[in-house]
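Novice: I'd like to go over a predicted model; first the sequence, then the structure.
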Amino acid sequence: MVDDDILVERLAGRDGIVLVTLNRPARLNALLRETVAHFNAVLDELAADAACRAVIITGAGRGFCSGQDLAASNQRNQAGSSGVIEKLHWQQQFAGMGGRIRSMPKLVIAAVNGPAVGAGMAIALSADVRIATPAAKFLVAAVRIGLTGGESGISYLLPRMIGAARAFDILLTGRAIEAEEAERTGLIRALSQPGSLIDDAVAYARSVLANSPYSVAHTKALMWSNLDANSYEAAIQAENRTQILGTMTEDYSEATAAFMEKRPPHYSGR
């Protein structure tokens with residue numbers, strides 16, 4: 001493992017915002033197997049870290065993440081060094097990145113500074129919110145190399161975000177979603193200039209973290225869960241349970257008191 005292929009920076013202040021940077025800029029932050037293992041370990045650590053409330057994921061240099069490192073993959077293929085069991089294991093590790101991002105009880109923002117390709121696109125789609133520069137583009141071109149457009153959850157996530165008709169077109173052709181289209185279709189929240197991308201992501205994170213930790217974590221969980229709700233009634237039941245549990249927190253009492261007293265709330269996370 002290369003120790004600096006993933007950089008983790010706890011940003012100044014008491015906000016609990018952590019910046020995670022994919023750091024192989026010479027390869028547009030392409031993912032080696034070792035990089036994926038390292039990234040998953042970082043996500044597991046942050047998910048369990050009570051001091052972390054938000055994670056911003058970005059890429060070093062001019063790319064967000066160009067997906068699997070095809071040079072390393074080709075080398076393994078030519079050598080015949082990976083059997084089906086090993087390949088399936090690593091496919092699950094690649095797919096596990098998005099699952100970890102979705103399930104962690106923290107706000108996750110993808111600050112997309114350039115191409116997000118294949119598994120890199122899946123990382124971005126798995127985030128709760130995406131902010132991007134005009135240089136960003138989203139691409140899954142596996143259909144062009146004998147594989148499928150379904151990779152690391154993309155065939156699940158993309159149609160839910162931009163609609164099935166658009167997703168069919170994009171996945172079947174393997175064409176890129178340029179930044180303008182991503183903004184127009186709602187795939188990204190906003191476009192930022194390159195020099196202000198991280199600052200804008202931090203400012204957005206702070207606007208969310210002004211809410212109580214319970215509110216943020218459980219709103220995120222409800223949103224992801226209710227994308228798969230099998231009925232309106234099932235979604236309502238999940239919402240009702242979560243609302244009632246929320247009323248039992250100290251932060252809810254603090255929020256209602258602050259509202260009546262016309263002052264900002266001071267949350268304790270309890």
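Specialist: Done, it's in. Numbers count the residues shown, from 1 in each chain.

Novice: just the helices in this protein please.
Specialist: 33-47, 70-79, 84-103, 119-126, 154-162, 164-173, 179-184, 197-209, 213-226, 232-247, 250-261 (DSSP state H).

Novice: if you skip the residues just before and after it, what's nearest to Leu171?
Specialist: Setting aside the residues directly before and after it, Leu171 is nearest to Gly149 in space (Cβ to Cβ, 6 or more residues apart in numbering), at 3.2 Å. Where you see a C-beta, it was placed from the backbone N, CA and C, and this is true even at glycine.

Novice: go ahead and confirm that neighbour touches Phe168.
Specialist: No. Using Cβ atoms under 8 Å, Gly149 is not in contact with Phe168; the gap is 9.2 Å.

Novice: for those two, indicate the residue with more neighbours.
Specialist: Gly149 (20 against 14; other Cβ atoms under 10 Å).

Novice: quick one, phi psi at the more buried one?
Specialist: phi -80, psi 0 (degrees, to the nearest 10).

Novice: dump the residue contacts of it.
Specialist: Residues counted as contacts of Gly149 (Cβ atoms under 8 Å, 6 or more residues apart in numbering) are Val140, Ala142, Val143, Ser155, Ile170, Leu171, Leu172, Gly174.

Novice: right, and the second one touches Ser155 too?
Specialist: No. The pair formed by Ala142 and Ser155 falls short of the contact definition of Cβ under 8 Å, at 10.5 Å.

Novice: quick one: contacts for the nearest residue to Ile177 once chain neighbours are set aside?
Specialist: Using Cβ to Cβ, 6+ apart and skipping the chain neighbours, the partner closest in space to Ile177 is Phe138 (4.2 Å). For Phe138, the contact set (Cβ under 8 Å, 6+ apart) comprises Val112, Ala116, Val117, Met121, Ala124, Leu125, Ala176, Ile177, Ala182, Leu187.
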